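Asks: sequence and predicted structure below; questions after.
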Amino acid sequence: MLLQFDKVSKSYGRTKALIDFSIDLTPGIYALLGPNGSGKSTLMNILTDNLKADGGTIRYSDGSREGEDVLKMGVRFREKLGFMPQYPGMHGSFTAERFLWYIATLKNVGGHLKGRARKDYIAARIEEILEAVELSDVAHRRIATFSGGMKQRLALAQAVLGDPQILILDEPTAGLDPKQRIAIRNYISRIALNKIVIIATHVVSDVEFIAKEAIFLKKGVIVDRASPAALASKMQGKVFEVPASEQELSCFQQDFHVVNIANTEEGIRCRILSEAPPSEKAKPAVPTLEDYYLWVFDGNMKA
């Protein structure tokens, strides 16, 4: 399976949202990272045909034939997509189960079967997915009574219903508690073995250990892309843990890039990103993908 973006561009008036975006994606999880306005939502909306690109092409191949332009594929391509928008619209009067039956009908889930066999197939898939996103116990509750986190998990459930080959997830863990985030993260990782999964998120830690590749977008341009481990390693020797008094902390914040402050029994400790040790008391720390994200998008690296 191959999804190819070739010089995809999009502008809103004088603002360039995507500039010659080109990349080849194969099965696995891809983290799409960047600040607001970097082009993430524009890219996802173009891929889902909710927005027309100004130029470039997107081609898809399932391995059995040469890549086809997804616009020319039309419905044949959209049937392969599962999309979880950041702000999904749902019928509040529906129960979670009824909503998924509605989505299953729209997606023609189990279309290869007839009658009772199809109904049993859909029912089994819905039960399986509701359990995976931890909504089995509220399957018959109206969506209007759901919390934000519950709606978020239901949005993921409708996206994966029908076993799409390409899964596009916009902020999939927003509003979830730590336990739910881990469950959803593990579920996404499990189902991604034979899918192309694109996750746009601001929660870098959610993708650091499951993404095959992280793609850093800045003002519509890919500024870096590699495995999370390879990107984090670029911060080797640039991340420090430093003990500080309140007065020293104020100076550090003024002179360096302080990304974390912790009050411990031993006193204040701060995490600093710097080309050189910020003080004699500084000790090297193990870098993370979030460190590199902050380094790139807070102006420490030129695009």
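Replies: Great, that's in hand. Residues are numbered from 1 along each chain as shown.
Asks: what are the boundaries of the helices in the stretch 101-250 of the chain?
Replies: Assigned by DSSP state H, counting those that start in this stretch, the helices in the stretch 101-250 of the chain fall at 115-132, 148-160, 178-191, 228-233, 246-255.
Asks: which of these sits closest to Ala53?
Replies: In terms of CB to CB, the element of the helices of the stretch 101-250 of the chain nearest to Ala53 is helix 148-160, at 22.4 Å. C-beta coordinates here come from the backbone N, C-alpha and C atoms, glycine included.
Asks: and the contacts of that closest one?
Replies: Contact partners of helix 148-160, identified using CB atoms under 8 Å, 6 or more residues apart in numbering, comprise 82-85, 88, 90, 96, 99-100, 103, 129-130, 132-135, 138, 143, 146, 167-169, 172-177, 180, 184, 191.
Asks: for the protein, which spans come out with low pLDDT?
Replies: Applying pLDDT under 70 to the chain picks out residues 299-303.
Asks: nearest to the spatial middle of it, which residue is it?
Replies: Ile199 (2.0 Å; CA atoms, centre = their mean).
Asks: and it, how close does it get to Gln158?
Replies: In this view, Ile199 and Gln158 are 16 Å apart by CB to CB, to the nearest Å.
Asks: check contacts around the nearest residue to the residue nearest to the centre of the chain once chain neighbours are set aside.
Replies: Distance criterion CB to CB, 6 or more residues apart in numbering; nearest residue to Ile199, sequence neighbours excluded, is Leu169 at 4.8 Å. Contact analysis of Leu169 by CB under 8 Å, 6+ apart lists 84, 156, 159, 188, 197-201.
Asks: so where do the strands sit in the stretch 51-200 of the chain?
Replies: In the stretch 51-200 of the chain, the strands defined using DSSP state E, counting those that start in this stretch lie at 55-61, 68-69, 81-84, 166-170, 196-200.
Asks: strand partners (parallel or antiparallel) of the fourth one?
Replies: Applying DSSP bridges, strand 166-170 is found paired with strand 81-84 (parallel), strand 196-200 (parallel).
Asks: same check on the shortest one?
Replies: In the sheet containing strand 68-69, its partner strands are strand 55-61 (antiparallel), by DSSP bridges.
Asks: mind listing residues that contact the strand it pairs with?
Replies: Strand 55-61 is contacted by residues 1-9, 20-22, 46-47, 67-71, 73, 77, 80, 166 when judged by CB under 8 Å, 6+ apart.
Asks: cutoff 7 Å now
Replies: Around strand 55-61, the neighbours that count as contacts under CB atoms under 7 Å, 6 or more residues apart in numbering are 2-9, 47, 67-70, 73, 77.
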